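**Q** What follows is a protein structure lacking sequence information:
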């Protein structure tokens with residue numbers, strides 16, 4: 001028996017029917033913090049149960065002994081114990097009763113499942129958020145199609161009534177409402193992890209210092225702003241604008257929780273996660289991360305709603321005081337960036353949000369060098385592929401108004417038929433997500449295989465699933481995000497026609513081979529992946 005106890009991976013605790021400890025393995029010492037010498041002869045309930053819960057625990061033990069006696073194979077159950085330092089430990093206990101010389105002995109093997117349960121709960125939460133994200137992203141995509149028509153049409157109408165002040169005021173109100181709708185769908189896409197990001201190397205310490213200056217200038221003086229920046233903190237790899245927005249969002253929430261004043265502390269450090277640690281915070285993989293902690297001394301978040309705070313439209317603020325999308329956007333941005341996020345809160349003491357972003361391996365995005373300030377049209381021919389009839393009609397009108405010749409197509413099949421007839425065109429302007437068996441990216445790939453010098457411009461209400469994770473379409477083609485206005489359409493069309501862009505974001509002279517660009521991109525990715533694999537071994 002002693003050999004089994006000493007070699008077992010689980011802790012072994014033996015007590016009598018009164019709860020007195022008779023045996024306490026060295027694994028039990030590691031699990032609880034109590035030494036064998038301290039535990040022998042002591043009351044197990046006093047050692048392992050928080051003081052307010054001891055009376056109830058003893059009552060349950062009194063009922064458990066007869067149940068164990070009636071179960072020859074013993075029983076398995078889960079219970080929360082307390083470590084010597086006060087930390088809670090969720091354990092799985094396997095107990096059996098022995099009768100020795102008229103004495104009742106209870107043998108129990110105890111396994112710590114705290115981290116396992118945390119990982120399971122994190123997985124369930126991630127699956128829930130993923131499901132809500134798919135639904136949210138789909139709604140936002142369809143809404144963006146409608147907004148594209150509304151914003152574009154109101155521009156035409158506004159131009160027609162610019163000399164009529166009353167009507168001009170009405171068009172302005174409609175335009176502003178459409179802009180608010182676009183901002184809302186952008187927030188939804190951020191939560192759904194489907195917005196186009198522009199990740200790059202970020203000096204997190206420098207960003208925190210900038211944020212702290214802003215908060216010092218704008219927050220009430222009753223709130224103390226403290227920064228604790230780690231030394232030699234790695235560069236993070238994420239979208240700088242989205243990270244700034246996320247941190248500002250969390251800071252504002254902290255401010256709102258400290259109406260009577262308090263302390264907001266911003267902390268950075270490097271962390272290295274194994275698989276278990278990465279899973280516990282919902283990070284994408286084991287490896288190097290930059291940690292950003294935002295801690296306040298405010299009112300805290302009730303435990304009953306802590307699991308819901310990242311849900312879209314969930315808010316504890318008064319009606320009209322918030323959209324309920326702030327934390328959802330933070331969650332979506334962090335997850336889309338390959339990072340993780342966790343929250344800890346205690347009512348009356350404050351809340352701590354901790355963000356983990358991947359360490360930057362190499363800078364991949366660089367400016368194209370193209371001047372977007374000039375807004376001009378052209379005379380080239382555009383093959384416009386859009387499955388939404390209203391959007392297709394609106395785009396055709398706008399392109400023709402800019403001087404272009406337009407060939408409209410309702411889907412990829414119709415577009416391929418037009419190309420097969422030998423109809424000349426200079427640029428393919430296609431939606432990414434379309435009905436049918438082929439999406440816009442696949443259509444573009446097939447067309448440029450036959451016409452290597454063909455220019456491509458993508459558009460979409462959301463594009464994460466069909467685009468490269470950096471937010472740029474494969475083949476180096478740029479993306480025009482819906483909803484867009486005439487000026488944005490004109491600028492990006494002209495840029496696409498006048499300047500080719502490679503997969504790293506560099507301007508390259510025309511003509512060029514898109515297929516060659518794709519192959520070069522894949523070679524670079526393979527080389528980077530191999531280098532990353534070697535560095536992590």
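**A** Cool, the structure landed. Note that the structure is a prediction, hence the values are computed from the model and not measured.
**Q** so where do the strands sit in the stretch 101-250 of the chain?
**A** 103-112, 199-202, 223-229, 236-239 (DSSP state E, counting those that start in this stretch).
**Q** Return the set of buried residues in stretch 477-494.
**A** 477-486, 489-494 (16 or more other Cβ atoms under 10 Å). For glycine as for every other residue, the C-beta is placed from the backbone atoms N, C-alpha and C.
**Q** Checking my notes, residue 398 in a strand, right?
**A** No - assessed by DSSP: H, G, I helix; E, B strand; the rest coil, residue 398 does not belong to a strand; its assignment is helix.
**Q** residues contacting the residue lying closest to it once chain neighbours are set aside?
**A** Excluding the flanking residues, the one nearest residue 398 by Cβ to Cβ, 6 or more residues apart in numbering is residue 486, at 5.4 Å. Each residue near residue 486 by Cβ atoms under 8 Å, 6 or more residues apart in numbering is listed here: 152, 155, 398, 401, 402.
**Q** same thing with residue 85?
**A** Taking Cβ under 8 Å, 6+ apart as the test, what residue 85 contacts is residue 33.
**Q** Quick check: which of the strands of the stretch 101-250 of the chain is nearest to residue 92?
**A** For residue 92, the closest of the strands of the stretch 101-250 of the chain is strand 103-112, at 4.7 Å, according to Cβ to Cβ.
**Q** what does that closest one rub up against?
**A** In contact with strand 103-112 (Cβ under 8 Å, 6+ apart) are residues 8-17, 22, 28, 31, 65, 68-69, 81, 89-99.
**Q** Filter those down to the buried ones, PyMOL style.
**A** Those of those that count as buried under 16+ other Cβ under 10 Å are selected in PyMOL with:
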select buried, resi 10+11+12+13+14+15+22+28+31+68+81+89+90+91+92+93+95+96+97
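**Q** Now, the contacts of strand 103-112 that are in helices?
**A** Mapping these onto helices (DSSP state H) picks out 28, 31, 65, 68, 69.
**Q** so what's the backbone phi/psi at the closest residue to the third one other than its chain neighbours?
**A** When you say that, I think you mean residue 65. Excluding its sequence neighbours, the residue lying closest to residue 65 (Cβ to Cβ, 6+ apart) is residue 17, at 5.8 Å. For residue 17, the backbone dihedrals (degrees, to the nearest 10) come out as phi -60, psi -20.
**Q** Report the contact partners of residue 17.
**A** 65, 103, 104, 106.
**Q** What's the separation between the last one and residue 66?
**A** Right, the one you point to is residue 106. Residue 106 sits at a distance of 12 Å from residue 66 (criterion: Cβ to Cβ, to the nearest Å).
**Q** quick one: which of these two has more around it?
**A** Neighbour count, other Cβ atoms under 10 Å: between residue 106 and residue 66, residue 106 has more, with 22 against 10.
**Q** for that one, which residues make a bridge with it?
**A** Legend: beta-bridge partners of residue 106 under DSSP bridges are residue 15, residue 97.
**Q** Now do the same for residue 415: helix, strand or coil?
**A** Looking at residue 415 with three-state DSSP, the answer is helix.
**Q** mind checking pLDDT for the residue nearest to residue 398?
**A** Residue 486 carries a pLDDT score of 80 in this model.
**Q** Helix, strand or coil: sort out the residue most central in space within the chain for me.
**A** By Cα atoms, centre = their mean, the chain has its centre lying nearest to residue 335, at 2.1 Å. Per three-state DSSP, the local secondary structure of residue 335 is helix.
**Q** Isn't it up against residue 246?
**A** No - if you go by Cβ atoms under 8 Å, residue 335 and residue 246 don't touch, sitting 11.4 Å apart.
**Q** one step back: tabulate the contacts of residue 17 (TSV), appending pLDDT.
**A** What follows is these, written out as TSV (pLDDT from 0 to 100):
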residue	pLDDT
65	78
103	82
104	84
106	87
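**Q** Save those residues as a markdown table, and put in distance to residue 220 too.
**A** Shown next, in a markdown table, are those (distance: Cβ to Cβ, whole Å):
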| residue | distance to residue 220 |
| --- | --- |
| 65 | 59 |
| 103 | 67 |
| 104 | 64 |
| 106 | 58 |
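**Q** can you name the two of the residues you listed that are farthest apart?
**A** 65 and 103 (12.2 Å).
**Q** which residues of the chain score low on pLDDT?
**A** 1-4, 7, 120-145, 180-199, 284, 308, 310-326, 362-375, 462-476, 499-537 (pLDDT under 70).
**Q** so what's residue 81 bridging to?
**A** Assigned bridge partners for residue 81, using DSSP bridges, are residue 89.
**Q** Relative to residue 54, how far out is it?
**A** 12 Å.
**Q** now the helices: where do they sit in the stretch 251-400 of the chain?
**A** For the stretch 251-400 of the chain, the helices defined by DSSP state H, counting those that start in this stretch cover 275-280, 326-336, 389-401.
**Q** which of those sits most buried?
**A** Most buried of these, by mean neighbour count (mean count of other Cβ atoms under 10 Å): helix 326-336, with a mean of 25.
**Q** re earlier: can you flag which of the buried residues of stretch 477-494 belong to strands?
**A** Among the buried residues of stretch 477-494, the ones falling in strands (DSSP state E) are 479, 480, 481.
**Q** Tell me if residue 408 really is in a strand.
**A** Yes - the assignment for residue 408 is a strand, going by three-state DSSP.
**Q** Quick check: beta-bridge partners of the spatially closest residue to residue 31 that is not a sequence neighbour?
**A** Distances taken as Cβ to Cβ, 6+ apart put residue 11 closest to residue 31, at 4.5 Å, once the chain neighbours are dropped. Counting by DSSP bridges, residue 11 forms beta bridges with residue 110.
**Q** State the distance from residue 11 to residue 425.
**A** Distance from residue 11 to residue 425, by Cβ to Cβ: 73 Å.
**Q** any chance of the helices of the stretch 251-400 of the chain in JSON lines, with distance to residue 164 too?
**A** What follows is the helices of the stretch 251-400 of the chain, written out as JSON lines (distance: least, Cβ to Cβ, whole Å):
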{"stretch": "helix 275-280", "distance to residue 164": "60"}
{"stretch": "helix 326-336", "distance to residue 164": "39"}
{"stretch": "helix 389-401", "distance to residue 164": "21"}
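**Q** Tell me which of those helices lies nearest to residue 148.
**A** Within those, the stretch nearest residue 148 is helix 389-401; the backing value is 5.3 Å (Cβ to Cβ).
**Q** Go ahead and confirm residue 269 touches residue 291.
**A** Yes - Residue 269 is within contact range of residue 291, at 5.1 Å (criterion: Cβ under 8 Å).
**Q** of the two, who's got more company?
**A** residue 291 (21 against 16).
**Q** That one contacts residue 358, doesn't it?
**A** No - with contact defined as Cβ under 8 Å, residue 291 does not reach residue 358; the gap is 11.4 Å.
**Q** Domain-wise, how is this structure divided?
**A** What automatic domain parsing lists as the domains of the chain is 2-112, 117-191, 199-358, 381-528.
**Q** what's the offset of the longest one from the middle of its chain?
**A** If I follow you right, that is domain 199-358. Computed by Cα atoms, centre = their mean, to the nearest Å, the chain-centroid distance of domain 199-358 equals 12 Å.
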